[in-house]
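> Requesting a structural model of the entry that follows:
(chains A, B, C and D)
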2 protein chains.
Amino acid sequence: MANRETLLKTQQVATALGVGVSTIKRWVDAGELKATRTVGKHRLISLSEALRFAGKAGHSTAALELLGLELANPILGMPHIDQDLCDRLVEALRQGRSTDARQLIHQGYIAGEGAVGLSDNLIRPVMEQIGHGWMMGSLDVFQEHEATQVLISTITELIIQVTKTQLDRNCLAIGAAPEGDHYSLAGLLGQLVLCEQGWEVRNLGSNLPLRSLALAVEEYRPRMVFLSVSYITDTDSFITEYGLFYEVASRMDVAVMLGGRALWSDLRTKLVYASFGDRMAHLAEFARRLLPSSASPRVASQSSAI
Amino acid sequence: MANRETLLKTQQVATALGVGVSTIKRWVDAGELKATRTVGKHRLISLSEALRFAGKAGHSTAALELLGLELANPILGMPHIDQDLCDRLVEALRQGRSTDARQLIHQGYIAGEGAVGLSDNLIRPVMEQIGHGWMMGSLDVFQEHEATQVLISTITELIIQVTKTQLDRNCLAIGAAPEGDHYSLAGLLGQLVLCEQGWEVRNLGSNLPLRSLALAVEEYRPRMVFLSVSYITDTDSFITEYGLFYEVASRMDVAVMLGGRALWSDLRTKLVYASFGDRMAHLAEFARRLLPSSASPRVASQSSAI
DNA sequence: TATTAAAACGTCCAAACCGACCACACGAGT
DNA sequence: ACTCGTGTGGTCGGTTTGGACGTTTTAATA
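Okay, here's the model as predicted:
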């Protein structure tokens, strides 16, 4: 499985579920909540398992609210991101039913087992479809704007909730989009992905001159910078500005991750960077390698309940 | 750092609402008060659900006790928006301490007794101060960007929280900023103010062509439109476009509220509108007059905790 | 590699919650 | 007044929870 699981500790799960740590330990021991153990007997619960447990019909939907997820009527027979979910989200956004859209996104967060699946399998195709509808004239600008607004607010909500359960944020990452690019959704999704991995993220938003980003790098000395480029005003000046920025980043030993649909492959050949990715999975994988070795704690054996 | 998703036990809710524990259990079992269950069948009631129920059932004073129950935990000085609070928020934003900034804003929301006070007495002066620092060169662009980003996410959080407790949203309002204006904070604050009054708000975001806004008005038939104008690319074309938009709005009998620092008084003489305001208090007052009969016994603040 | 602070472990127990049952208060209708 | 029907608050035995305790593991130092 390419998608390695984020592992949570008992304290994190307890906070997320709104119960005490002892209770989590008891539930794990009773087999209600599956967990692996480190060699030193510490319990590790995968994010997907926590979400599965949270959404389990008969037991407790409490957790969902705490993860920022609301399932008034938790249908979720088998949570999985599919075409149907995409279609329903597109339709909800088209009609501006923001509450429904929020619920569908939360559902996608569970089904996609985290931020990466949500971004790559739900948000991206949905926005492509909406963008397509806009091109074709079947959607108006204001519908695309409203959809973006709903997505931004929901992703922001997820970020806040995830941040709350990630207690120890060690590594610092900076996210931004360059001057002239006013698309902030990609930056938010990147922030969500990294927050979920335990990064501390400073999102500088969109439309940021690269020379100011260079200053930020010098000021904050982050471990990495992720730059989402959805639109470029002037290619030549972008290359120049980026070159100056990368010089600083390189000097400060900062990893630079590029992304965005404006960076065509022939343009990329003129840029220097640590990695490029047009999927959040790429960002996640790149970021994981940068984390201290701790990212993959040694697990001993599978849980032996009862 | 408890928030609105804090889960309450039956005893807590019973005490706050001034009824017996058995009654709470019965209400939950009857479905009148939504609750989740732990694995061990213990009922957990989210604070937002408790507040909603309290308001619906007429226990208006009880809601305050619920909040008091929240505010008792975190240490809080006297809630009041003053120069000190502004200074501390500016400093937190300057240094990018987003967690502290969020706390201060929440505190300002309580202290300012709602969205209007928060907007006019805290956010506005703070952003002016930051903008000033940027002009003077003591702040860089990225700091202003980061500050804006933190404010956006926090205001978004507040909007979601307020929306959760306001279930019966009757009147529809549309908010937007015109093409070329990428400043979205004002629109968010407006959304927060109106949500607090019980409006249903569709925020179409910034950079929206006015002709598309006209389409949205025809599609949604709102009671009012609030347009925040912080930047105008071309004054003449703006006047033209706005004229076309207002024609539609007028035909649909939609009240148009204008705001924003780009609308100087000599420009305003060339525009037709229902009202202009450069403070959220103006928007709030204007909107209140538009609401149905409701004498709107507004609770002082649907405050959230820190 | 050795050291150290923070966090998780297992165990135990008081406090709180569960469901079921009962006593009481209140209003409406033969 | 009497008797329902209904909604409330309280009690009881059994179960679940959450915090305290000293010990062990982890992760980030030096």
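> CA only for contacts and neighbour counts going forward, please
OK.
> Now do the strands in chain A.
Along chain A, the stretches classed as strands by DSSP state E are A:7-8, A:36-37, A:43-46, A:172-176, A:200-203, A:224-228, A:255-259, A:275-276.
> Now do the helices for the stretch 201-306 of chain A: every range, in order, please.
Along the stretch 201-306 of chain A, the stretches classed as helices by DSSP state H, counting those that start in this stretch are A:210-220, A:235-251, A:265-268, A:280-290.
> Out of those, which is closest to DNA strand C?
Among the helices of the stretch 201-306 of chain A, the nearest to DNA strand C by Cα to the nearest atom of the strand is helix A:280-290 (19.0 Å).
> Strand A:255-259 and the closest one, what's the angle between them?
Orientation of helix A:280-290 against strand A:255-259 (axes from the mean of the first three to the mean of the last three Cα atoms, to 10 degrees) gives an angle of 170 degrees.
> For chain B, see how far away A:Val21 is.
Per Cα to the nearest Cα, to the nearest Å, A:Val21 is found 14 Å from chain B.
> Does that residue touch A:Ala14 like I think?
Yes: using Cα atoms under 8 Å, A:Val21 is in contact with A:Ala14, at 5.3 Å.
> where does the stretch 51-200 of chain A dip in pLDDT?
For the stretch 51-200 of chain A, the stretches flagged by pLDDT under 70 are A:55-81, A:112-113, A:164-170.
> let's go with 80 and repeat that
Counting by pLDDT under 80, the stretch 51-200 of chain A shows low-confidence ranges at A:51-52, A:54-82, A:107, A:110-114, A:161-170, A:198.
> Going along the chain, name the helices of it.
Counting by DSSP H, counting those that start in this stretch, the segments of the stretch 51-200 of chain A that form helices are A:62-66, A:83-94, A:98-111, A:115-117, A:124-135, A:141-165, A:185-196.
> and the one residue in chain A that gets nearest to DNA strand D, how far is that from A:Leu244?
Closest to DNA strand D within chain A is A:Gly40: 3.2 Å, counting by Cα to the nearest atom of the strand. Relative to A:Leu244, A:Gly40 is positioned 48 Å away (Cα to Cα, to the nearest Å).
> neighbour count winner among those two?
Just comparing A:Gly40 and A:Leu244: by other Cα atoms under 10 Å in any protein chain shown the higher neighbour count belongs to A:Leu244, 14 against 9.
> tell me the contacts of the closest residue to that one other than its chain neighbours?
Spatially, and ignoring its direct neighbours in sequence, A:Leu244 is nearest to A:Arg211 (7.4 Å; Cα to Cα, 6 or more residues apart in numbering or on different chains). Going by Cα atoms under 8 Å, 6 or more residues apart in numbering or on different chains, A:Arg211 touches A:241, A:244-245.
> What of A:Gln143?
A:93-96, B:204.
> What's the PyMOL line that selects buried ones from these?
Burial among the contacts of A:Gln143 is assessed by 16 or more other Cα atoms under 10 Å in any protein chain shown; the matching PyMOL selection reads:
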select buried, (chain A and resi 93+94+96) or (chain B and resi 204)
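> Around chain B, pick out the residues from the stretch 201-306 of chain A.
A:202-205, A:208-209, A:212-213, A:215-216 (Cα under 8 Å from any Cα of the partner chain).
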